[in-house]
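Colleague: only geometry, no sequence info:
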């Protein structure tokens, strides 16, 4: 059934193609309107011979006024196949003639406009059964899609465009009838119905889901037993917590296997730090070389909790080297974080090629490392295991440091010293190459994820610069992205804040600010989180389902107004929001927040067991109901110190409130005394007798 729309349209095109031969368009002067945009992705296309327009009301009205089909092409700056299609088709004058003669051509940066991307991605998935980027869609003048796909070769592209434009010219009713059916399908995809069953969350439900999930585990390299392999940080964050809370050693071993193999793999940049987006193989070796802010932010949070629990030095190295990369390559003077580094970069011959910046030939390595080449080659597998293509190697590890030093009869201190020397030499040499292109726009949601990453790293490693970076970026969001009406903007570039924020901006910012509050005890972050939640209720909330729409009621309407709730490489904005409301309910003793969080979880529960990898953040919330959830209130002059000591223990089922003075906050009110600092451990508003020592509090939690 999922291909039915596509089959119908193919039949229409096939019937039409029998009527005559393709026509050759007349010469057409182009006027590319993208030169005035700020998105690095749109600017990459600003000098194509295609009459590109940005997505805005003026462009949409132009399509309606001229009664022309819209050709909507969606991608992002770091997208390799977007670059390939640009070179093959959008830079070609013949292709441009076909596009300019028959369509209003619109380029969309999916990161700036995830709402537009979501609508047309749903359409393509309905039509073809799959999706990806570049995403190319043909829509009627009113914006409703009628045809689409991802990457097309030049001849395929021209042929499809000519036939669809002819169909629109000669038999438009068929396209309008098709659009009606397809639009109904799009609107049905992200509908969430109110679950009127009484909320029941049981441990056995989670256990059964993980049992089904575990059948897909790759027990050799971690992750799922498939290629390509995405890191999916929210999956392993949940599994880490679940394994810990249930004392499931087998599952914990699998999580640690996954984190270790990802850190060993070529997907991690062993020279410059940071992770690429995914690997194309099962052993995490060959990455799709773009580096995304959102992946690295979430992975820092994941490895921070994993280090707190295991004290594995490998995880600490990953955290620190990733944050070194963020500081050096992805941060501007305002403390804002950039979006991504491209997969492609120039070879010495000036050819744009995927991974060119990161790979090495054996001869290059020999000339740089000299006498250390044999040791280096064994450590990073400059052999058949690490070979990629065209005699290039992607660095990958197989063995632990302990195994390696035993094998080579050297001390671990000597190995660490040599690794530092190797890294410095190769980094210096690599920086002589043409660097990948930087997408230097700033997105509120991704920046909030990075705030959370920095806070988590500070909480675990006590490196003051990490907290300073988090606070600087949080102030940037308050000063640049938070509007006077209490709403957030989504995008920032060249000193200008733009694009009305999406639910993801509110959900991730609330989450980040709650983490900041727990670390700094600055009430500002907690109060701002509450205010942003209230704004989301006013402008995003769906009274029928008790879920939140992805777009604000202030935004112009699209083909459909979707509810994003499935977890992906970033958790669904509704799952993050539900977890936020659960916590805010405790902080402010607000039953409304708590009831909505429970209803949201209950709404998605029927789907969760069937596809657990797409609901891991929801399962994490469910653990708050199936296990005790602790409110830890620390009040007194030494509150910060006690909280810092408390955070040396991995306790995922808690929230922290604290103050070093009198507070009217529900969890803290009437609890301050100047004589001593007291720790209150509470569950469901019932508190144990206060204690003064952290080890005493930990015993209460362990019980």
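Modeller: Looks like it arrived, so ask away. Predicted, not measured: the structure shown is a model, and the values here were computed from it. Numbers count the residues shown, from 1 in each chain.
Colleague: Strands of the stretch 551-700 of the chain, start to end?
Modeller: In order along the chain, the stretch 551-700 of the chain carries the following strands (DSSP state E, counting those that start in this stretch): 630-635, 654-659, 678-683, 686-687.
Colleague: most tightly surrounded among these?
Modeller: strand 630-635 (a mean of 24; mean count of other CB atoms under 10 Å). C-beta here means a position set from N, CA and C on the backbone, and glycine is covered the same way.
Colleague: Residues contacting that strand, please?
Modeller: Taking contacts as CB atoms under 8 Å, 6 or more residues apart in numbering, the residues outside strand 630-635 that touch it are 586, 642-643, 646, 651, 653-660, 663, 667-668, 671-673, 677-683, 687, 697, 701.
Colleague: check contacts around residue 693.
Modeller: With contacts defined as CB under 8 Å, 6+ apart, the neighbours of residue 693 are residue 679.
Colleague: Residue 412: how many residues sit nearby?
Modeller: By the criterion of other CB atoms under 10 Å, residue 412 has 13 neighbours.
Colleague: And it, how far from residue 424?
Modeller: Taking CB to CB, to the nearest Å as the measure, residue 412 falls 19 Å from residue 424.
Colleague: do residue 669 as well
Modeller: Separation of residue 669 from residue 424 (CB to CB) stands at 54 Å.
Colleague: Between those two, which is the more surrounded one?
Modeller: residue 669 (14 against 11).
Colleague: I'd assumed residue 647 was in contact with residue 462.
Modeller: No: counting by CB atoms under 8 Å, residue 647 is not a contact partner of residue 462; they are 9.3 Å apart.
Colleague: who's more crowded, these two?
Modeller: Summary of the neighbour comparison: residue 462 and residue 647, criterion other CB under 10 Å, with residue 647 having more neighbours (20 against 12).
Colleague: Not counting sequence-adjacent ones, nearest residue to that one?
Modeller: Taking CB to CB, 6 or more residues apart in numbering, and ignoring the residues beside it in sequence, residue 647 has residue 459 as its nearest neighbour in space, at 5.1 Å.
Colleague: go on, residue 634?
Modeller: If the residues on either side of it in the chain are set aside, residue 634 comes closest to residue 658, at 4.1 Å by CB to CB, 6+ apart.
Colleague: so that neighbour makes contact with residue 641?
Modeller: No: counting by CB under 8 Å, no contact exists between residue 658 and residue 641, whose distance comes to 10.4 Å.
Colleague: And the strands of the stretch 551-700 of the chain: which comes nearest residue 496?
Modeller: Shortest distance between residue 496 and those, using CB to CB, is found for strand 654-659: 36.4 Å.
Colleague: what angle do the closest one and strand 630-635 make?
Modeller: Note on geometry: by axes from the mean of the first three to the mean of the last three CA atoms, to 10 degrees, strand 654-659 and strand 630-635 are set 20 degrees apart in direction.
Colleague: Mind listing residues that contact strand 654-659?
Modeller: Applying CB under 8 Å, 6+ apart, the set of residues contacting strand 654-659 is 518, 521, 523, 583, 586-587, 629-635, 639-640, 642-643, 646, 665, 667-668, 672, 701.
Colleague: Next, the angle from that strand to strand 678-683.
Modeller: Going by the same axes, to 10 degrees, strand 654-659 makes 150 degrees with strand 678-683.
Colleague: buried stuff in stretch 524-542?
Modeller: The neighbour-count check on stretch 524-542 (16 or more other CB atoms under 10 Å) flags 525-526, 528-530, 532-533, 535-536, 539-541 as buried.
Colleague: Do you have the helices of the stretch 201-350 of the chain handy? List them.
Modeller: Per DSSP state H, counting those that start in this stretch, the stretch 201-350 of the chain has helices spanning 203-214, 233-246, 249-264, 293-310, 313-329. These are given in chain order.
Colleague: quick revisit: of the strands of the stretch 551-700 of the chain, which is nearest residue 196?
Modeller: Closest approach to residue 196 among the strands of the stretch 551-700 of the chain is made by strand 678-683 (28.5 Å; CB to CB).
Colleague: And the closest one, what does it pack against?
Modeller: Using 3 or more CB pairs under 8 Å, 6 or more residues apart in numbering; DSSP states H and E, the elements in contact with strand 678-683 are strand 630-635, helix 694-702.
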